Every structure is written in structure tokens, then in C-alpha cells.
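Colleague: quick one, fold the following:
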Amino acid sequence: MAADAEDNVSIPELSSLLQMDPLLKPYENDFKRRYGLFQKQLSLLEEAEGGFDQFTRSYWSFGAHRQPDNSLVFKEWAPAAEALFLTGDFNGWNKFSHPYEKKEYGKWELHIPPKEDHTPAVAHNSKLKQDYVVVHTKEGERLYRISPWATYVTKVNTSVVYDWVFWDPPQPYVHKHPRPRKPRSLRIYESHVGIASPEGKVASYSNFTHNVLPRIKDLGYNCIQLMAIMEHAYYASFGYQVTSFFAASSRYGTPDELKELIDVAHSMGIVVLLDVVHSHASKNSEDGLNKFDGSDSCFFHGGQRGNHPLWDSRLFNYSRWELSASHSENGISVFAMPGTSATVLYKFGEVCTRPRKNYVTLCATVICNNYFNNDELNCGFVQHKHQFSRSGSNIVQPKQQPKLRQQQGATERMCCLFEPGFNNWEVLRFLLSNLRWWMEEYRFDGFRFDGVTSMLYHHHGVGSGFSGDYSEYFGLHVDEESLVYLTLANHILHTLYEDCITIAEDVSGMPTLCRPVKEGGCGFDYRLAMAIPDKWIQILKEYKDEDWNIGNIVHTLINRRYGEKCIAYAESHDQALVGDKTLAFWLMDKEMYTNMSTLIPMNPIIDRGIQLHKMIRLLTHGLGGEGYLNFMEGVTAVGCAKCHGVTEVAGFAAAWKCNEFGHPEWLDFPRVGNNESYHYARRQFNLVDMDHLRYSQLYAFDRDMNRTEDKYGWLAAPPAYISTKHEGDKVIVFERANTIFIFNFHPTNSYSSYRVAVGPPGKPSEISFDCPLLHLNRNLLRRADNMPKISKQRMFALSLFLLSSLTQLCCRYKIKLDTDETIYGGHGRLDHNTEFFSEPVPFNDLPNSMQV
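Modeller: Model (predicted):
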């Protein structure tokens, strides 16, 4: 898009964004260009498809569908195929009896009439073994594929390839309960259905519905994020190598059983998010998207750009444009780099310049610099033979592969003709319809988008340490095709579903990722605060307790973009997937196996571990973001979940977060390396149900922490006011949502009559809120010889207070949550009948204070 075109783009509320962050002002044209591309996409959808509402319901026509007269219609998009046939048990595996008819723009259709008794030729849940699309390529190959739009695929134990099963129940599941409204405070319980059972097997949707949902409700979580739902051939990939995007994983049960799970969650007031993977896809071809029509591209970029350098998977082509023809006065043909103001100059044979209906005329700014090579673009835009034509086009193919004309720093004005890229258009149809499918068919309430960092940059974040400098987020290294796709997806979802929730898994800190589209943002509601778990593990690995840097801890917890909401969590997948220890194992190690009984005194290691485990989670909960996430498994997943057989599974960002009760086993999916054992791919809820084990104490604290937040709502409040971060005392004090938090992380010192600052002064009517104060306390602990970096005789008096105002007429406080309570594995050293009074004594830049 040329500079003058960018000037004509109007972003409705860009001024609000620039006022909030003036440092974005130099990149105003970047925002306008991105927004212009987004607007252009919307207008094209309106012109060509009647708008995004109809476009995103393409699952009504693609795939397999029974008509009112019981005839069947099959529709696919396979632009590189020479012929398509449908085969299966229904036609005796005749590979040629049911050919598809070729339509425009690479589409194929097949109509099968009903049988003589007027029943469908292919019945619901038919045992077809494999109901494959047979693809004949131009090279004469015969390929067996399943439909990308298949809604149910299964696999027999003796097979490694999934079968397409026609799912058309005569009485489909009907949802009984409405979607809950979007929670004001998001407390997420991230779950994996397959491991949600103490039994050594793949657990089911029904098991989760009847046995796990009640626990999640009791714990006070109001949101579930379901992982590994989109069908994936390799169980140990944790769902991040998706093969069938429209199919709910059959290893847990049927589609109707998943619908029931979500419906029951809604009846409990719990919203359900899907962990959606649109950043990449499995390389499987026979039961995946890869080479569906025999070509290297189809749904993906061709060549190197279509392969992730670490994940060994395919990368989608989100492009809006495919070059069809170009023209300039000096005979230089122009390829536009989609989403940027840069274009690439090529000389080759004649091309058609006759405008056609679907052409879009752009005035392009041509820029060549050292970012490009002679033979190909480093970012991979030109790495394979270009397809310049579509069905019925008169465009002439180039006589030879184009070569780049280097003109470093050269800038020219040219009028270029472009045409919507029909292959990429179909990719948008597929992905956007996929989001709509999960929202409509299963009634999910939103999505956590996996691998967003990989999508945002041509380097996919590999080898890039993001410093926060704004130049890292603008320029040719940004994949604006993907950025526009994410913006479009968020706009459509939030327009169609008012309470839809979208979360971005982004480690880069891309500005405006979580700002509204009308401001020029990408439109996500939240991003994951991915630096927090790394900080906690670093502290436990590298520092003695007395050397903890309180200021650095606080900085990590609050270091997020103002106005962009974050989901905080205390523990990351990295510790489990790359062989590291998790929080509970760093704190208690092997002692967890033998010393978690309440029938014996706590030894120093267990005592220290339990108290710090609670403190770390609560500090993260209170200070780290605008939402909180806990994972149902993996707190002690020590060096086990590498998922052998998949390249760089750590790169899949499988999330192993802080578990609510300190699960004592690691997580390891069945694989060849462990003799396909399910022993560590299970969830030992039975440990919580044993009152004589301390796991129930950690469970109780997690429950009451969430319930307390539900009452006072600090996650939905503005960022905290931090009044104390004392390095010597190791004390942190902050106020959020009229709630006062006080932490003492000192390894040896307890404090009495400790002065803390409280809220601003005002008339009695202005003190009509509850002022909670949380107290966390860690008792005297004796260091064991096998615990490194900590001196032996230590007193741990870690404190966090939560006080509640008792009256509107005075600032009188009472403890509301105390981790030193015996029910949480503490020592009960605080008198909860004690009342605390504020006084007009200035302290730490606040006019009032009190002693605790």
C-alpha cells in the first residue's frame, strides 16, 4: 500500500491509542497500513461472499452433508488435483465409481442419491474403515486422503492412520443451557481430558463431565481451557500436531459427549475455551492437511516458508493476494509483498495487463534493499514456481523463473494490477469457518490461540530475544499477513459473539495485540504473561532464599503493557518439556513421595515447600495480571514429557502450569520409550480425597484463594499500587481492588508492629468499601543437608495479609485469608480475632498507615 493510500486510511480510535502510548506515534503509518489491509479484506468478503457471516459458515457446504431428501453432497477444494473420487465400504472400495465434478477455482463436488429405500447411501457412523477422497495428481499419482472438513475421524488400535467416519446422528445433542456471560475476573483451569483420571488409560469426555467438572466448580474457577481437543494423530504431541481441524478427538469419545461436557459446564456458570492451533499443522498427509491435493502448497506456503524450522510442521498461507498480472511504464513487473509497503521487482516474459472484474488496482511503493537476496527473499515470499492463473484466466505464464533486479534504496511509483489469491482465500475460508464451527456446533465460549509469536514474525521468534524496543514489532520481519488474519479472526468473533474470549500465546510483547481493532489493535482480550513462570523457576534454581531480589520479582510481575490484559500463571510448560523440574519439585523434591502425611510432623523441606508454593501462587494471582491460570497437571513433571518421536515438542508451547494441589508425579504420555505406559499420563485426584495427606491442604488454599478473589475482584481491578518492596526486610505490600496484600519473604525474620501504608484519605463515605488484607506465614524451618544454597538453621516468617474493613465509618481491618492457617498446611500462629486500625500517619507516599 502506497504512502498516500495509507494517509487515506482512517482508524476510528487511533488517537486514543496514541494518547495512551505516545511512543507508538512514529509507527502511525504501520497501523494505518495494517488497518487498511484489514478493511480491504472485509470489503472483499462483502463483495465476493456476501459478508463474513456467510463466509464463516462454509462448513455448511464443504465436507459431507446429508440433504433433506437423504441424498449426500461432498465438496472439497483441491486446486492441483486432476481428478477426485470417493471410495469406501459403501461402494465396495471401487476407486472410480464415484468421481467428483470439477468446479471453478479448484473446487470439486459429488452428489450421491439416496438408496432405493430412501435412506442415505452412507449412514450415520458407518463402519467405513476408510472413506477416503482419492486424489489423482497431474504427475499421475493416486493419493488417498480424508476430507479436511471431516467432523469425526477414528483409528483402530492396529492402525497408525485415522479413518473418516460420517457423523450424522438421527438425534443430535441439543444444548440445554445458555452460555454464561463473560466473567469480570477470569480464573482459568487449563485441562487435558485424556489425563483427567487416576486410571492408566485415556480418560473420556464423560469422565470429565461427571468427575472433574464438579471439582473445578468447587475450586472457584469460572473458565476451563480444554487442550488437545482438535484431532491429532500423535497423542504425545499434546494436541499441537493437529491433523483434522473440524474433528473433536475421538480418543476421548463422541462429538455429542463433548457437547454434553460443555453444556454441563455452562450449567455451572463456567465458560469453556478451546486451545486452537492455527499457527501450524501436522505434516501428516494421509490423514492430515499436508499435500492434500498433491501439491506442496494448497493450504500452506510452498517451499521453505511453509515449514517451521523447529516444529517439523506446516505453516498456513494467510496471504490476501496472489500476483496475477502487473504493469509499469518501464516494463518492470512488480510482485507485491502482502501486508507491507515493499515490493519485489522482476523481469520476465510478457504478462496480460487487461483489467478484469476481480482485479484491484494498487499504487505500490517499490523498495529494494539488502533484505532480499538475488534468487529469493529471505522471508520466503518467492521460493517456488508462482501460480499466476486461475480457472478461465487468460493470464500468460512467465517464460522463466523471475530474477530479482537489485536496486538498493531505489523507490519508484508504479501502477500494478492484482487479483485476490483464490488459494489463500480458501485458506481463510477454512480457518475462519473452523473458528465459527467450534463456537456454533460445540458452543465453546472462545479460544486460546496457540503459537501466536510464531505467526507474527517471519523468523517465528526463533533465536530472537525480544527486548521491548518498538523497532522489533514493525518492519519487514513482521508477518503482516498473519497479523491481518488474527485481526480479522478477532473482529469476526467479537462481532458475532459479544462475550467471546480470545487469548494470545505471545512471548514477544507485540504492542496493541490486546487492544481493540477500532484502535488499530489486533483485538485479543488477553495475552499470556509468559515471563512470570520463567522468573520463578530462575529464582528457585539460582538463588538462596536470602538473595531473592524483591524489586526484580515485583518488576517481572507488573511488567506488562498498560491497557493490555494479561493472564498470569506461576509455572510454565518449559520446565516439564525440556527436562527441568517444576515448582513443587524444586521446593520439595523426592520428599513429596514419603513426607506428605499429616500423621507425621512436617520436615523442614516439606514445610518450606508448602508455604512457598502457596505464596508464589498467591503473589502471582494478586499482582501478575488481569486473569489467572492453573493447569490440572504437571507441577512435578520432572524431565519426562519430551514426547519422543516429535521434533522439538517444547516449541509447541504445550502448557504445563502450576497445579492446585502439588500433584506428586510427572507427566509422560505413552510412547515407545516408556513401553506405551499410561502410568504417568493420569491425574491422581485420589490424593486430594485422602484427608491425611497434605495435598488436600494445598487444594483447600487454592479453592479459598479463588473464592476470595471472587468476592473482592482484584483481577478485574486496575493494576496494583505497590507501596513497599523492601529488599532488606524482603517485604512486599500492595493494594488492589481495595485489598491490601502484605508478603514477608525473609528467610529468618518475623515482624511485629510492622508499618504498612494504606489507601488515600477521604470522607467516611469514601471508605465504603471492603479493605481486605491477606496474610501468608512460613514457620521455623530447619534446612536439610541436601538442600543447596540455603543456610541450615533458618526461621521462615513469610507473611501476606488480607484484611477487610468492618465499617464505613473507620478504617478497621480484619484478616480474610491467611496461608498460615492449619487447614492450608500452616501453623495457625495468627489470631483472626485481631483487628487492625489505620491512622493518619504518612508512610511510603501515602497519607495513612497502620501497624500489623
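
Colleague: wasn't Glu481 part of a helix?
Modeller: Yes - per DSSP: H, G, I helix; E, B strand; the rest coil, Glu481 lies within a helix segment.

Colleague: please look at it and Leu315 and confirm they touch.
Modeller: No - checked against CB atoms under 8 Å, the pair Glu481 and Leu315 is beyond contact range at 10.8 Å. Every C-beta, even on glycine, is put in place using the N, C-alpha and C of the backbone.

Colleague: buried stuff in stretch 109-127?
Modeller: The neighbour-count check on stretch 109-127 (16 or more other CB atoms under 10 Å) flags 110, 112, 120-123, 126 as buried.

Colleague: and those, which two are furthest apart?
Modeller: Pairwise distances across the buried residues of stretch 109-127 peak at 17.1 Å for Leu110 and Ala123 (criterion: CB to CB).

Colleague: test my guess that Met632 contacts Val193.
Modeller: No - contact between Met632 and Val193 fails when scored by CB under 8 Å: they sit 10.0 Å apart.

Colleague: of these two, who's got more company?
Modeller: More crowded of Met632 and Val193, by other CB atoms under 10 Å: Val193, with 29 against 25.

Colleague: next one: that one from Tyr252, what distance?
Modeller: The gap separating Val193 from Tyr252 is 5 Å, by CB to CB, to the nearest Å.

Colleague: do the same with Phe52
Modeller: As judged by CB to CB, Phe52 and Tyr252 stand 31 Å apart.

Colleague: okay, stretch 473-485 in PDB with CA atoms only?
Modeller: This file holds the C-alpha atoms of stretch 473-485, laid out as PDB (Å, rounded to 0.1, in the frame of the first residue of the first chain):
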ATOM      1  CA  TYR A 473       7.500  -5.000  16.200                       C
ATOM      2  CA  PHE A 474       7.400  -3.100  12.900                       C
ATOM      3  CA  GLY A 475       9.200  -3.700   9.700                       C
ATOM      4  CA  LEU A 476       9.800  -6.500   7.100                       C
ATOM      5  CA  HIS A 477      10.400  -9.100   9.800                       C
ATOM      6  CA  VAL A 478       6.700  -8.800  10.900                       C
ATOM      7  CA  ASP A 479       4.400 -11.200   9.000                       C
ATOM      8  CA  GLU A 480       1.600  -8.800   8.400                       C
ATOM      9  CA  GLU A 481      -0.400 -11.500   6.500                       C
ATOM     10  CA  SER A 482      -0.700 -13.400   9.700                       C
ATOM     11  CA  LEU A 483      -1.300 -10.300  11.700                       C
ATOM     12  CA  VAL A 484      -4.200  -9.300   9.500                       C
ATOM     13  CA  TYR A 485      -5.600 -12.800   9.700                       C
END
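
Colleague: got the buried residues for it?
Modeller: Buried positions in stretch 473-485, judged by neighbour count with 16+ other CB under 10 Å: 473-474, 476-485.

Colleague: what of stretch 25-44?
Modeller: Residues of stretch 25-44 classed as buried by neighbour count (16+ other CB under 10 Å): 27-38, 40-41, 44.

Colleague: ok, back up a step: can you list the buried residues of stretch 109-127 in CSV and add secondary structure, distance to Glu231 and pLDDT?
Modeller: Putting the buried residues of stretch 109-127 into CSV (DSSP: H, G, I helix; E, B strand; the rest coil; distance: CB to CB, whole Å; pLDDT from 0 to 100) gives the following:
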residue, secondary structure, distance to Glu231, pLDDT
Leu110, strand, 23, 96
Ile112, strand, 25, 96
Pro120, coil, 23, 95
Ala121, coil, 25, 94
Val122, coil, 20, 92
Ala123, coil, 22, 88
Ser126, coil, 18, 83
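
Colleague: out of the residues you listed, which one sits closest to Glu139?
Modeller: Leu110 (22.9 Å).

Colleague: pretty sure the closest one is touching Ser97, no?
Modeller: No - counting by CB under 8 Å, Leu110 does not reach Ser97; the two are 10.9 Å apart.

Colleague: if we can go back for a sec, need the overlap of contacts for Val193 and Tyr252.
Modeller: 203-205, 208 (CB atoms under 8 Å, 6 or more residues apart in numbering).

Colleague: where does pLDDT dip in the stretch 501-650 of the chain?
Modeller: Scanning the stretch 501-650 of the chain for pLDDT under 70 picks out the ranges 572-580, 633-650.

Colleague: any idea of the mean pLDDT for the lengthiest helix in the chain?
Modeller: Secondary structure of the chain per DSSP state H: the longest helix is helix 28-49. What helix 28-49 shows for mean pLDDT is 95.

Colleague: ranges for the strands of the stretch 101-250 of the chain?
Modeller: 101-102, 107-112, 132-137, 142-145, 153-154, 163-164, 186-192, 223-227, 230-232, 242-248 (DSSP state E, counting those that start in this stretch).

Colleague: and of these, who's closest to Met268?
Modeller: Nearest to Met268 among the strands of the stretch 101-250 of the chain is strand 223-227; the distance by CB to CB comes to 9.7 Å.

Colleague: extract the CA atoms of that closest one and return them as PDB.
Modeller: Written as PDB, here are the backbone C-alpha positions of strand 223-227 (Å, rounded to 0.1, in the frame of the first residue of the first chain):
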ATOM      1  CA  CYS A 223     -13.300 -20.800  33.000                       C
ATOM      2  CA  ILE A 224     -12.000 -24.100  31.500                       C
ATOM      3  CA  GLN A 225      -9.400 -24.200  28.800                       C
ATOM      4  CA  LEU A 226      -9.600 -27.500  27.000                       C
ATOM      5  CA  MET A 227      -6.400 -28.700  25.400                       C
END
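
Colleague: so which elements touch that strand?
Modeller: strand 186-192, strand 271-276 (3 or more CB pairs under 8 Å, 6 or more residues apart in numbering; DSSP states H and E).

Colleague: hmm, 10 Å instead?
Modeller: Judged by 3 or more CB pairs under 10 Å, 6 or more residues apart in numbering; DSSP states H and E, strand 223-227 is in contact with strand 186-192, helix 213-219, helix 255-267, strand 271-276, strand 446-449, strand 501-504, strand 627-631.

Colleague: out of the ones you listed, deepest packed?
Modeller: strand 627-631 (a mean of 28; mean count of other CB atoms under 10 Å).

Colleague: what would the strands of the stretch 101-250 of the chain look like in JSON lines with distance to Gly92?
Modeller: Formatted as JSON lines, the strands of the stretch 101-250 of the chain follow (distance: least, CB to CB, whole Å):
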{"stretch": "strand 101-102", "distance to Gly92": "22"}
{"stretch": "strand 107-112", "distance to Gly92": "14"}
{"stretch": "strand 132-137", "distance to Gly92": "14"}
{"stretch": "strand 142-145", "distance to Gly92": "16"}
{"stretch": "strand 153-154", "distance to Gly92": "21"}
{"stretch": "strand 163-164", "distance to Gly92": "16"}
{"stretch": "strand 186-192", "distance to Gly92": "40"}
{"stretch": "strand 223-227", "distance to Gly92": "39"}
{"stretch": "strand 230-232", "distance to Gly92": "27"}
{"stretch": "strand 242-248", "distance to Gly92": "25"}
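
Colleague: which one, of those, ends up nearest to Glu546?
Modeller: Each of those has some distance to Glu546 by CB to CB; the shortest is strand 186-192, at 33.0 Å.

Colleague: in the sheet, who's paired with the closest residue to Ser249 other than its chain neighbours?
Modeller: Once flanking residues are discounted, Ser249 sits nearest to Glu231: 4.9 Å by CB to CB, 6 or more residues apart in numbering. Beta-bridge partners recorded for Glu231 (DSSP bridges): Ser244.

Colleague: just give the number of residues close to Glu231.
Modeller: Glu231 has 26 neighbours, counted by other CB under 10 Å.

Colleague: for this protein, identify the residue most remote from the centre.
Modeller: In the chain, the residue that sits farthest from the middle, by CA atoms, centre = their mean, is Glu116; the gap is 48.7 Å.

Colleague: and it, how far from Ser97?
Modeller: Per CB to CB, Glu116 is found 17 Å from Ser97.

Colleague: need the contact list for the nearest residue to Pro255 once chain neighbours are set aside.
Modeller: Nearest residue to Pro255, sequence neighbours excluded (CB to CB, 6+ apart): Ala248, at 5.2 Å. Applying CB atoms under 10 Å, 6 or more residues apart in numbering, we find Ala248 in contact with 151-153, 167, 193, 205, 226, 229-231, 254-259, 261, 274, 438, 441-442.
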